[in-house]
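Asks: Fold the following, please.
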Amino acid sequence: MSESSAATRIVPITRDLLEPCWQLRLRALKDHPEAFGQPYDEAAALTPADILQTFDTFWDFGDNQVFGAVTGDGNVVGMTGVAGWNRAKMRHRMDIWGVYVAPEYRGRGISDRLLDAAIAHARRIDGVLQLHFQVVSSNHAALKSYERSGFVRWGRMPRADIIDGQALDNDFMVLMLDAPGDGMGIDPEGTFS
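Replies: Next comes the predicted model:
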C-alpha cells in the first residue's frame, strides 16, 4: 500500500462506519482467534439488527467508544475499543479491547495511534484513574506496542483461553492515568503510590 500512516485518520466509529468496522472485526476474529474473546462463528452469525444493538448498547454506550483507523478512501483498517464499568466501585477503571490493524497496514504506527486515542478518551472522563488490558502472552508484537503506550504487565492468567485444544496464557496490563513516570504509580521504594 502506498498510502502513508499520516493519511490514515483515527476517528470515533459512528453508525456510518459501523459496517466496514464490523467487517474488519470479523476479519480479525477469523484470522487471529487467539487474540480475541469472541469466537468468529458467534460474531458472523449476528444479524444486522444484532450488530446495531451491540453498537448502541456497548460500542457507543455511555463513556464507551470504539476508534477506527480510516484511510483516505474510507476503508477501516484498524480499530480498538475502550469500555467502562457501571458499578460504582469500579468506575475508576476502563478496559481496552479489540485492538487490531489489518496486516497490510501494520508497521506504520497505527496501533500506537489507536491506543493514544483510547487513552486520551479515558483521560477526559472524570474519575477514570486506570486502563486495563489483557493480551495473549505469546503475542510479543502486541505486548511491545502496549508497553510503548505506557502499559505495564502486572500478572498472568494461565490457560485463559483454550482454542482447538491449545491452552493460551494471557498477560494483564495496566496504565495508571494519574501516575507519573512508569505508569504503575510505583514509588522509588517499590510501593504503589
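
Asks: Pull the number of nearby residues for the closest residue to Pro12 other than its chain neighbours.
Replies: Counting by C-beta to C-beta, 6 or more residues apart in numbering, the nearest residue to Pro12 once its immediate chain neighbours are dropped is Gln65, at 5.6 Å. Using the backbone N, CA and C atoms, a C-beta is placed for each residue, glycine as well. Residues lying near Gln65 (other C-beta atoms under 10 Å) number 21.

Asks: And Gln65, its phi and psi?
Replies: Per-residue torsions, Gln65: phi -150, psi 140 (degrees, to the nearest 10).

Asks: residue contacts, the closest residue to Phe58 other than its chain neighbours?
Replies: The shortest distance from Phe58 to any non-neighbouring residue, by C-beta to C-beta, 6+ apart, is to Asn64 (6.2 Å). By C-beta atoms under 8 Å, 6 or more residues apart in numbering, Asn64 lies in contact with 58, 81-84.

Asks: would you turn these into a markdown table with neighbour count, pLDDT and secondary structure?
Replies: Shown next, in a markdown table, are the contacts of Asn64 (neighbours: other C-beta atoms under 10 Å; pLDDT from 0 to 100; DSSP: H, G, I helix; E, B strand; the rest coil):
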| residue | neighbour count | pLDDT | secondary structure |
| --- | --- | --- | --- |
| Phe58 | 14 | 88 | helix |
| Gly81 | 22 | 96 | strand |
| Val82 | 25 | 96 | strand |
| Ala83 | 19 | 94 | strand |
| Gly84 | 20 | 93 | strand |
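
Asks: Right, I'll leave it there.
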